[in-house]
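Colleague: would you be able to build a 3D model of this:
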Amino acid sequence: MIVQHPGFESFQVFRDLQIKSLLYYQAQLAELRKKLHKLEWVDHRSGTGNAETWCADITTLMASAESDDPEQINMIKEIRGVLKEYSKLVSR
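Modeller: Numbering: from 1, shown residues only. Got it, this is the predicted structure:
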């Protein structure tokens, strides 16, 4: 009957679960942000690299990250993945 009359379809939205999922994504992103800031602070304090050059040229930043400790770049990649999923839920 639903196939013949699509207006009769009724599916649960599970709004409460979507909200909880968003809250978990936010908590995860907050934790990832904290970890990234710690990594950045360690790099800043150790004096490794040239932050001014990195900010001016993404190619230099990416090359440096791949040749040195890629921990920050890996953290950014993880953040991007979580942000992508979070953004899908927020945009609904």
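Colleague: which helix runs longest in this protein?
Modeller: Across the chain, the longest stretch assigned as helix under DSSP state H is helix 15-46.
Colleague: give me the most central residue, the chain.
Modeller: Nearest residue to the geometric centre of the chain (C-alpha atoms, centre = their mean): residue 79, 2.6 Å.
Colleague: list the contacts of that one.
Modeller: 29, 32-33, 36 (C-beta atoms under 8 Å, 6 or more residues apart in numbering). Every C-beta, even on glycine, is put in place using the N, C-alpha and C of the backbone.
Colleague: give me that answer again for 7 Å
Modeller: 29, 32, 36 (C-beta atoms under 7 Å, 6 or more residues apart in numbering).
Colleague: try residue 71
Modeller: Going by C-beta under 7 Å, 6+ apart, the list of residues near residue 71 reads residue 39.
Colleague: and it, how far is that from residue 9?
Modeller: To residue 9, residue 71 is 48 Å away according to C-beta to C-beta, to the nearest Å.
Colleague: thank you, goodbye.
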